[in-house]
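Asks: One predicted model, sequence on top.
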Amino acid sequence: MAGINLESYDFVASENTGSFEPLPEGWYTARIDGAELKPTKAGTGEYISVAYTIEGPSHVGRKVWGNLNIRNPNPQAENIGREQLSKLSLAIGLPAMPRDTDQLIGGVAQIKLSIRRSEQYGDGNEVKDWKALGGGSAAPQPTAAPAPATASAKAPWAK
């Protein structure tokens, strides 16, 4: 058993009130704390369950969850989910689509939240979009290829 010296402990203020009320719609900076591949309820597909912690500009410490449908008998649903995974991956700076859900963990991006209305489950947040912290895509930008050398081309200092 270890003693706790409470006199040397400083409490840290947090905006996390433990509330499950949906956050206001808008853009938030969030860190991915968890990502797990799960089967759909029907057992005919799979989705990635992503857990986010809000880092700002408000509601610091609040948790938000979202799902990315990556395998589904409906090709349109599957395509939407894979496009969402692409956007998320680019927003956190991954150079390619992730091969493992662990590659998402620790990633930080801006997420756009909306409010999903549900009489059965109550209102909740839904992650609708992702972008890099600077506001755009964090995807590596292609660089211009150097102009091909010609036989008559000389270095600028050559006469």
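Replies: All right, it came through fine. Numbers count the residues shown, from 1 in each chain.
Asks: Specify the beta-bridge partners of Gln110.
Replies: Thr29, Lys131 (DSSP bridges).
Asks: Distance of it relative to Leu88?
Replies: Counting by Cβ to Cβ, to the nearest Å, the gap between Gln110 and Leu88 amounts to 11 Å. In short, each C-beta sits where N, CA and C put it, glycine included.
Asks: three-state assignment of the residue nearest to Thr44 when sequence neighbours are not counted?
Replies: Excluding its sequence neighbours, the residue lying closest to Thr44 (Cβ to Cβ, 6 or more residues apart in numbering) is Pro73, at 5.1 Å. Following DSSP: H, G, I helix; E, B strand; the rest coil, the label given to Pro73 is coil.
Asks: related to what we said a few turns ago, overlap in contacts, Gln110 and Leu88.
Replies: Among the neighbours of Gln110, those also in contact with Leu88 (Cβ atoms under 8 Å, 6 or more residues apart in numbering) are Trp130.
Asks: Same drill for the two, tell me which one is more crowded.
Replies: Per other Cβ atoms under 10 Å, whichever of Gln110 and Leu88 has more neighbours is Leu88, with 25 against 19.
Asks: my guess is that one is in a helix, correct?
Replies: Yes: counting by three-state DSSP, Leu88 is located in a helix.
Asks: ok, how many other residues are close to the closest residue to it other than its chain neighbours?
Replies: Leaving out its chain neighbours, the residue that sits closest to Leu88 by Cβ to Cβ, 6+ apart is Trp130, at 4.7 Å. Trp130 has 24 neighbouring residues, counting by other Cβ under 10 Å.
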